[in-house]
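Q: only geometry, no sequence info:
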């Protein structure tokens, strides 16, 4: 479209700007709120300009946390979230790329059954199977541990399915060339398939990292020890205070910090995306 | 370097579909054998069975005298060139060439020497550090060949290696493959559906149809003395004119020379054997109307509609001598150039 209609241009830009504002304003508000003293919110009006308490607020949260609402220092929760998100993302990728490899490249009995069994679990998100899963994790003694936080969320049908679809598009002749070149199955996987899946892995890592980072219900259920709290559930606990106003300035400082790692992951990985899109392999 | 022998080799797919009927084939050491035939005739399956990419249902595949049925492709010491090249897209050209050698644990110095040698032979030295996607079709083809050469295998297996190239490049690469095979003197099996490739490259041609071998022979032999109706129709361009004995009798005015036997069901003649004048040799004369003239440079293909049987005969004439569209033309079919095929079996009668 090379039409030049001033009104159309104006109108489409206006809609785009409105959309950006709708997304960006709450984020801005959260940041502003985190720079004010606590009494700034008592009036019920949220200030729109930055305050002067930014360093103190963030310092308090990173240093000590809010002991009254039972939240440990932010650093601990951030670390827990990071460990959980990374184990889920990496664990899921390892498990699913290997199972997709098995399903696509090996003829074993009940292969199709295995695929469909994995596929059907797509319909069973954590929330549906949460009680039996809790029971299993509790019986295994994994409550209040990193293993308990991440392992039950690692099995993944989505990623397996995506890798399977990708492997199917890899030409058979490539597999055959590798066989003629003397590459056994695992060598083929390591030398050929893994490098070819690089961009897929990067894309999945972003999605899965954010998925893991944003987990709320599961960590809430299986952690009772403060040292295993994750940041997303920590935020909720800070808001739940009895007989007083929540410390909104601290809560918002936490929120702002909690947003950073996923944003960083997206920004850093985006380069790999673009690279993957520009250099079309195959 | 080694001979390849197939003894009673058969391939059946699940569902009792027979892709290859039991066949015997001996490929001599250093020979370039071309498997040619229409799509689905089993030529690629046969090649893949030699490579070890397909299992052999019955019979024995032997490379260098020893049975290899149970061996993995890598253990058969063969190298294969695929139709779409199958280069590893994430490796540089050098990486592609080295991969097979590395997997075999070849010493570093040896690998470098062989890559150097292959790069020199194929003139791909300047591209060694590039990725396959940065190369043109012809260059990729060379790399694919290079990957086969560096291995110094007992045999090269080519699976329609030129069909992804444009016509000009295909001609060039054909010549190069032939020259390369001559200088390396490595036993080669080459699969193609292009009969021009088959005729120009082969030491011997194997014409296949529906999982069976129709004829094995030197290219000239296959062209000049096709063993069956199928071979007669498949080899040669423009194709051989094939007429039922009765049809030709009708066109010839009711009688055929005595040399046509009683069992002959089909009579064939190459378009370039049809002459405009009998020159005193015994010949069958037929008359038809010129329907189409295709000038192809030094010669023209003339399509002659025969009125009594409504069949079309193709003949080749030098230049455009004495032919014009819609004119009637009498042509002569020298008796010595006729091919006769059995009415029942379709085999050649001499």
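A: Thanks, I have the structure now. Everything quoted here is computed from the prediction, not taken from an experiment.
Q: Grab the most central residue of the chain for me.
A: Answering for chain A, as no chain was given. residue A:210 (1.3 Å; C-alpha atoms, centre = their mean).
Q: ah, no, chain B please
A: residue B:198 (2.9 Å).
Q: wait, doesn't that one sit right on residue B:33?
A: No: Residue B:198 is beyond contact range of residue B:33, at 10.1 Å (criterion: C-beta atoms under 8 Å). Where C-beta positions appear, they are placed from N, C-alpha and C, glycine not excepted.
Q: what's the overlap in contacts for the two?
A: residue B:205 (C-beta atoms under 8 Å, 6 or more residues apart in numbering or on different chains).
Q: tell me the contacts of residue B:64?
A: Residue B:64 neighbours (C-beta under 8 Å, 6+ apart): B:2-3, B:77, B:154.
Q: Pull the most distant pair out of those residues.
A: The widest separation within the contacts of residue B:64, taken as C-beta to C-beta, falls between B:3 and B:77 and amounts to 13.2 Å.
Q: Need the residues touching each of the two.
A: In terms of C-beta under 8 Å, 6+ apart, residue B:3 and residue B:77 are both contacted by the residues B:63-64.
Q: Of the contacts of residue B:64, which one scores lowest on pLDDT?
A: Among the contacts of residue B:64, residue B:2 has the lowest pLDDT, at 87.
Q: Excluding sequence neighbours, find me the nearest residue to the residue of the stretch 101-250 of chain B found nearest chain A.
A: Residue nearest to chain A within the stretch 101-250 of chain B: residue B:103 (3.9 Å; C-beta to the nearest C-beta). Spatially, and ignoring its direct neighbours in sequence, residue B:103 is nearest to residue A:182 (3.9 Å; C-beta to C-beta, 6 or more residues apart in numbering or on different chains).
Q: which bits of the stretch 151-282 of chain A sit near chain B?
A: Residues of the stretch 151-282 of chain A found near chain B (C-beta under 8 Å from any C-beta of the partner chain) are A:171, A:173-174, A:176-183, A:187, A:191-192, A:195-196, A:198, A:279-282.
Q: one more time with 10 Å, if that's ok
A: Contacts of the stretch 151-282 of chain A with chain B, taken as C-beta under 10 Å from any C-beta of the partner chain, map to A:170-184, A:187, A:191-192, A:194-196, A:198, A:279-282.
Q: Tell me if I'm right that residue A:221 and residue A:233 touch.
A: Yes: using C-beta atoms under 10 Å, residue A:221 is in contact with residue A:233, at 9.4 Å.
Q: hey, what's in contact with both of those two?
A: With contacts taken as C-beta atoms under 10 Å, 6 or more residues apart in numbering or on different chains, not a single residue reaches both residue A:221 and residue A:233.
Q: Output the longest helix belonging to chain B.
A: Longest helix in chain B by number of residues (criterion: DSSP state H): helix B:167-184.
Q: Tell me which residues are up against that one.
A: By C-beta under 10 Å, 6+ apart, helix B:167-184 touches B:1, B:30-32, B:81, B:121-123, B:136-138, B:141-142, B:145, B:148-149, B:152, B:156, B:158, B:161-165, B:186-188, B:190, B:192, B:194, B:196-197, B:200-203.
Q: Tell me, how many residues neighbour residue B:185?
A: Residue B:185 has 12 neighbours, counted by other C-beta atoms under 10 Å in any protein chain shown.
Q: Tell me how far it lies from residue B:292.
A: As defined by C-beta to C-beta, to the nearest Å, residue B:185 lies at a distance of 46 Å from residue B:292.
Q: following the worst-scoring helix or strand of chain A on mean pLDDT, which helix or strand shows up next?
A: The helix or strand of chain A with the poorest confidence is helix A:54-63; it has a mean of 79 (mean pLDDT, DSSP states H and E). Per DSSP states H and E, the first helix or strand lying C-terminal to helix A:54-63 is helix A:74-105.
Q: chain center to that following helix: distance?
A: In terms of C-alpha atoms, centre = their mean, to the nearest Å, the centre of helix A:74-105 is set 10 Å apart from its chain centre.
Q: quick one, it and helix A:54-63 angle?
A: 60 degrees (axes from the mean of the first three to the mean of the last three C-alpha atoms, to 10 degrees).
Q: Show me what the next helix or strand after helix A:74-105 is packed up against.
A: On the C-terminal side of helix A:74-105, the closest following helix or strand by DSSP H and E is helix A:111-120. Judged by 3 or more C-beta pairs under 10 Å, 6 or more residues apart in numbering or on different chains; DSSP states H and E, the packing partners of helix A:111-120 are helix A:74-105, helix A:157-169.
Q: Mind listing what's buried along helix A:111-120?
A: Residues of helix A:111-120 classed as buried by neighbour count (16 or more other C-beta atoms under 10 Å in any protein chain shown): A:115, A:118.
Q: for the record, mean pLDDT for it?
A: In this model, helix A:111-120 has a mean pLDDT of 86.
Q: Stretch B:243-253 now?
A: 88.
Q: Run through the neighbouring helices and strands of the lengthiest strand in chain B.
A: Longest strand in chain B by number of residues, with DSSP state E as the criterion: strand B:283-295. With contacts taken as 3+ C-beta pairs under 10 Å, 6+ apart, strand B:283-295 sits against helix B:245-251, strand B:299-306, strand B:311-318, strand B:328-334.
Q: Please read off the pLDDT at residue 18 from the model.
A: You didn't say which chain, so I picked chain A. For residue A:18, the pLDDT comes out at 96.
Q: sorry, should have said chain B
A: pLDDT recorded at residue B:18 is 91.
Q: Let me know the next secondary structure element after the helix or strand hosting it.
A: Taking DSSP H and E as the definition, residue B:18 sits inside strand B:17-27. Moving toward the C-terminus from strand B:17-27, the next helix or strand (DSSP H and E) is strand B:32-36.
Q: Just name the most buried of the helices and strands packed on helix A:111-120.
A: Greatest average neighbour count among these goes to helix A:74-105 (a mean of 20), per mean count of other C-beta atoms under 10 Å in any protein chain shown.
Q: show me where pLDDT drops low in the stretch 1-150 of chain A?
A: A:1-3, A:64-71 (pLDDT under 70).
Q: What is the burial count for whatever residue of it ends up closest to chain B?
A: Closest residue of the stretch 1-150 of chain A to chain B, C-beta to the nearest C-beta: residue A:107 (12.0 Å). Other residues within reach of residue A:107, judged by other C-beta under 10 Å, total 5.
Q: try residue B:119
A: Around residue B:119 there are 22 residues (other C-beta under 10 Å).
Q: what's near enough to touch the residue lying closest to it once chain neighbours are set aside?
A: Spatial nearest neighbour of residue B:119, excluding adjacent residues (C-beta to C-beta, 6+ apart): residue B:125 at 4.3 Å. For residue B:125, the contact set (C-beta under 10 Å, 6+ apart) comprises B:93, B:115-116, B:118-119.
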